[in-house]
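Have a look; sequence and predicted model below, questions after that.
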Amino acid sequence: MYRENPFPILEFDEAKTAKLNPTNFASERFDTDRMVITFFPEVVEKLKREGKIGLERVIPGENPVEIYRFEPEGDVLLTLGQVGCPACAGNLDLFHEMGVRRVLFCGGGGVLDRNIEVGQLLLVDGAIRDEGFSYHYMPPSRVICTDPAFTDRLAKQLQAEGVPYLRGLTWTTDAIFRETEERIRRRREEGAKIVEMEQAGCIAVARFRGFAYGALIYGGDDLSGEEWSNRGWRSREGIRYDLVGLCRRLTAL
């Protein structure tokens, strides 16, 4: 069913197929259904040097996508996410067509609350949809939520491992240079703890296609004060390395 609206972005078509589908680009299927998507290129390089991952394949195209496999077990794939919902969540739809059914995402985001320390983890419950991609996968709504049963399982495992974490919403935006003071204030009042650029789209793809998806975002730069603060968040190598390993374990849930 097609739902009309005066604003094109708020129209929604429930059809599962389109003129162009992931099947048009999906190469040979993976022999495992578990994947970690990370935004930490230095961690990928370190894992390569340590011999802990090997190149599984390269998905060709104008922007080739490298897929790695954790060694020695080889039951979890690893890839670098691309910035923004169209690239990151679009690839996620393709990965699903190639056999991926359980995905853990790990990245960093700008904190909207100065009490969130650098490196503090947010288990994502959902995202405020301040972007365009997700509206092509799920009907219009202000917030899109992860599957609560799967997110609850992730929370229990984090507790079992003694990993401290927060749980709540992110704010997904397309426009990194339009995070204005008033928008930040309003999103914070709505409950968003971190701002990022991918979660609404990734959650929408997972809900539309029907597979397990979870995300852990760590507190990075600070947007809560009068001026933006970098806080050296990209240099937290230990946090980022450990987070990839944690997500690898969580794909087993």
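Structure received. All values derive from a computational prediction rather than experimental measurement.

I'd like to know which helix or strand in the chain has the lowest mean pLDDT.
Lowest by mean pLDDT, DSSP states H and E among the helices and strands of the chain is strand 212-222, with a mean of 83.

continuing past that one, what's the next helix or strand?
helix 237-250 (DSSP states H and E).

So for that following helix, what gets flagged as buried?
Residues of helix 237-250 classed as buried by neighbour count (16 or more other C-beta atoms under 10 Å): I239, R240, L243, V244, L246, C247, R248, L250. C-beta coordinates here come from the backbone N, C-alpha and C atoms, glycine included.

Sort out which one of the residues you listed lies nearest G214 for me.
Nearest to G214 out of those is L250 (C-beta to C-beta; 6.8 Å).

Spit out the contact partners of that closest one.
Neighbouring residues of L250 by C-beta atoms under 8 Å, 6 or more residues apart in numbering: L104, L154, Q157, G214.

From T170, how far out is V43?
Using C-beta to C-beta, to the nearest Å, one obtains 21 Å as the distance from V43 to T170.

Out of the buried residues of helix 237-250, flag the one nearest to P8.
C247 (35.7 Å).

isn't that closest one right next to L216, touching?
Yes. With contact defined as C-beta atoms under 8 Å, C247 counts as touching L216 (6.4 Å).

which intervals of the stretch 101-250 of the chain have sub-threshold pLDDT?
220-237 (pLDDT under 70).

For it, just list every one of the strands.
Secondary structure of the stretch 101-250 of the chain (DSSP state E, counting those that start in this stretch): strands at 102-111, 121-130, 143-145, 166-173, 192-196, 212-222.

I'd like the average pLDDT over stretch 21-38.
The average pLDDT for stretch 21-38 rounds to 93.

Quick one: end-to-end length of it, please.
Separation of the first and last residues of stretch 21-38 by C-alpha to C-alpha, to the nearest Å is 24 Å.

quick one: buried residues of it?
Buried-residue list, stretch 21-38, by 16+ other C-beta under 10 Å: P22, F25, A26, F30, T32, D33, R34, M35, V36, I37, T38.

so where does the third one fall, helix or strand?
The one in question is A26. Per DSSP H and E, there is no helix or strand for A26.

Name the nearest residue to it, ignoring sequence neighbours.
E97 (4.2 Å; C-beta to C-beta, 6 or more residues apart in numbering).

State the number of residues packed around the one you found.
17 (other C-beta atoms under 10 Å).

can you tell me which residues contact it?
Per C-beta under 8 Å, 6+ apart, neighbours of E97: N21, P22, T23, F25, A26.
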